[in-house]
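Chemist: kindly return the folded structure for what I paste below:
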Amino acid sequence: MRTRLLHTRFYTDSYVLSLSTKQRFLFMFLLTNGNIGMTPYYEVSSQVLSLCTGLTQKELNEAKMTFQQDKKFKFYKDWVFICNYEKYQSFKGEKNEIAYNRELNTIPEEIKKYCMDRVSATPDTPINVIVNSNSNSNKGGVGGKEVLDDDVFISQLKEKFSDKNIELEIEKMKDWLASNGKQKKDYAAFARNWLRNTKSEKQEEVLIIS
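Modeler: Residues are numbered from 1 along each chain as shown. As a prediction, the model looks like this:
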């Protein structure tokens, strides 16, 4: 059975105390759940997070935005990256190093690259500035195509374009980009412009009925 050590000072930590009760529970869950291995990366779906913590999808999205902005965790697709993992967790000895590297090699390169790019972003940069950055956009960097799969960015789109089916439109964007062989300097701006030019779900219903 795996075990996780949680220091008692966790409960009086200034950052933890600044969180709401539900965010505090999610924070603890993200640090101690059974999906965590030897590396800072692990996979867990939003559905599981919501079910295990009792947070609604909206509350979960808001908490993710807070944690990512505060550089505690990074979220990409169904993956979580613990930003300060190696500061608090270390594995010594040859066997542990072999096991660590073996697990690290199973993590998709796309996940590792995205998370490390986000970590290397300028400290204290607001999350919306990071998401909308143009730098390294055509090299799969922070402003690259990966933003279309970023949980935090998707939740921002859902708030800004609440009348649109964001998941469906994101798939349409990807299909259009692939079929036309297009690359964009700023995929976040492209996504927002795409959504501004699409009909709302209510408008689509009226067209179908008429």
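Chemist: buried ones in the strand or helix carrying Glu159?
Modeler: Using DSSP states H and E, Glu159 maps to helix 151-160. Burial within helix 151-160, assessed by neighbour count using 16 or more other C-beta atoms under 10 Å, is assigned to Asp151, Val152, Phe153, Ile154, Ser155, Gln156, Leu157, Lys158. To be clear about C-beta, it is placed using only N, CA and C from the backbone, and glycine gets the same treatment.
Chemist: is it true that Gln57 touches Leu49?
Modeler: No: using C-beta atoms under 8 Å, Gln57 is not in contact with Leu49; the gap is 9.5 Å.
Chemist: and Arg24, how many residues sit next to it?
Modeler: The number of residues packed near Arg24 is 18, by other C-beta atoms under 10 Å.
Chemist: so what's the nearest residue to it once chain neighbours are set aside up against?
Modeler: Spatial nearest neighbour of Arg24, excluding adjacent residues (C-beta to C-beta, 6 or more residues apart in numbering): Val16 at 5.9 Å. By C-beta atoms under 8 Å, 6 or more residues apart in numbering, the contact set of Val16 is Phe10, Arg24, Phe27.
Chemist: what helix or strand does Val16 sit in?
Modeler: helix 14-18.
Chemist: for that helix, buried residues please.
Modeler: Under 16+ other C-beta under 10 Å, helix 14-18 has no buried positions.
Chemist: following it, which helix or strand shows up next?
Modeler: Next along the chain from helix 14-18, counting by DSSP H and E, comes helix 21-32.
Chemist: in that next one, which residues are buried?
Modeler: Using 16+ other C-beta under 10 Å as the test for burial, helix 21-32 gives Lys22, Gln23, Arg24, Phe25, Leu26, Phe27, Met28, Leu30, Leu31.
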